[in-house]
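Participant: Provided below are the primary sequence and the corresponding predicted coordinates.
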2 protein chains.
Amino acid sequence: MNFIPKSIQRAIEAFSKLPGIGSKSAERLVFYLLKKPTADLQDLGQSILQLKEGLHYCDVCKNLATETRCEICKNEQRSARVICVVEDSLDLIALEKTGSFKGLYHVLHGIISPINGVGPDELTIVDLIERVKQGQVEEVIFALNPSMEGEATAAYITRYISPYSVKITRIARGIPVGGHLEYADNQTLKRAMEGRGEY
Amino acid sequence: MNFIPKSIQRAIEAFSKLPGIGSKSAERLVFYLLKKPTADLQDLGQSILQLKEGLHYCDVCKNLATETRCEICKNEQRSARVICVVEDSLDLIALEKTGSFKGLYHVLHGIISPINGVGPDELTIVDLIERVKQGQVEEVIFALNPSMEGEATAAYITRYISPYSVKITRIARGIPVGGHLEYADNQTLKRAMEGRGEY
């Protein structure tokens, strides 16, 4: 590949390290960028270099923030009595976009997964227990992915917070809107039936 | 979306401008980068900023190069008597990877496409005609995509180079290796039959 200029090779390599981008896609992205004005390259390059600048975790919910408290925790319109527990910030964003939740969050930054070597101490579980301990919290909602790891993490946390007379719930598992019963797996159908609500 | 720090929003926007990357993929890429060490971010960011540095077009074939001549045109092992005409550098890379072509290239940097407002003057066709005029070239191979635009571009160039007693060929159109006859379209099958070779 010595017929490709070094700067192009280097960019292709850097792009192909990103998840979901193979070497062919990386090539296409780089040659797309080569056709763009330098200002566009500046824009993308600088945004990556400055991505982590001034970022830290919110003191309360551990979400990414630019100050000691994130925008959600600072918002007095939101109820500090309900905490929604999510695996990472992407899940928080997905829930926030629905606009249907008016409480606060707690970002675990991962999930208990012995296979991947992630134990409870790698996560922000201690901070969550501390928040519940303070007594203001009335409900903890688990919005974790419906997987083995998600279940295990919820079970682990429940063991530590149940003594504090707090309501513990989980988001519903069932047929996705627009989905088809006939294509749903057994477990999903079973959960959908168990979690049925009044019409 | 004001609950997402500005630097993250900016990076998501910049990524989602890339072809094939929607807003969801952009979010996922940015949050992936946030978990990576700063050195990795530096690597990607700098490679984008420095992508165009020191790059210009090869004097001969118009491929991207770091000097006045590209590595392929400088290589004396390659025959200057055969020129393979490609639409862009990505096609050149794809052909180079096969290792089956030992001549030189000519990169058009596009294809004649009236719908997209690309005429012959936007491309490097004049330079190609000039190369043929010099008399050293014995064969011009069109390796253009088998589309209306590809055909039109080849026809246009042929009109100008045919007076110079040069052999004009095109790469074969037919069934791709591993493909199935039953799924091939009419045109492809027709071309495959016409272009049949001895067994």
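Facilitator: Perfect, thanks for sending it.
Participant: for chain B, see how far away the closest residue to A:I171 other than its chain neighbours is.
Facilitator: Leaving aside its sequence neighbours, A:I171 sits nearest to A:A143 (Cβ to Cβ, 6 or more residues apart in numbering or on different chains; 4.8 Å). Bear in mind the C-beta positions are built from the backbone N, C-alpha and C, glycine included. For A:A143, the distance to chain B (Cβ to the nearest Cβ, to the nearest Å) stands at 16 Å.
Participant: hmm, A:A143 is touching A:L95, no?
Facilitator: Yes. Assessed by Cβ atoms under 8 Å, A:A143 is found in contact with A:L95 at 6.3 Å.
Participant: and chain B, is the longest strand along chain A touching that?
Facilitator: What stands out as the longest strand in chain A, according to DSSP state E, is strand A:79-86. No. Interface with chain B: strand A:79-86 contributes nothing (Cβ under 8 Å from any Cβ of the partner chain), its closest point being 12.5 Å away.
Participant: past that strand, which element shows up next along the chain?
Facilitator: Note on strand A:79-86: by DSSP states H and E, the next helix or strand toward the C-terminus is helix A:89-98.
Participant: how about that following helix, which residues are buried there?
Facilitator: Neighbour counts over helix A:89-98 (16 or more other Cβ atoms under 10 Å in any protein chain shown) mark A:89-93, A:95-96 as buried.
Participant: and chain B, which of those residues reach it?
Facilitator: Restricting these to those near chain B - Cβ under 8 Å from any Cβ - leaves A:89-90, A:93, A:96.
Participant: now A:E139: closest residue in space, sequence neighbours ignored.
Facilitator: A:K167 (4.3 Å).
Participant: contacts only, for the one you found.
Facilitator: Residues in contact with A:K167 (Cβ atoms under 8 Å, 6 or more residues apart in numbering or on different chains) are A:138-140.
Participant: okay if I get those as a markdown table plus pLDDT and secondary structure?
Facilitator: Below are the contacts of A:K167 laid out as a markdown table (pLDDT from 0 to 100; DSSP: H, G, I helix; E, B strand; the rest coil):
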| residue | pLDDT | secondary structure |
| --- | --- | --- |
| A:E138 | 95 | coil |
| A:E139 | 95 | strand |
| A:V140 | 95 | strand |
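Participant: closest to the centroid, which residue in chain A?
Facilitator: A:D88 (2.5 Å; Cα atoms, centre = their mean).
Participant: surely it meets A:H106?
Facilitator: No. If you go by Cβ under 8 Å, A:D88 and A:H106 don't touch, sitting 11.4 Å apart.
Participant: show the pLDDT at A:I111.
Facilitator: On pLDDT, A:I111 comes in at 95.
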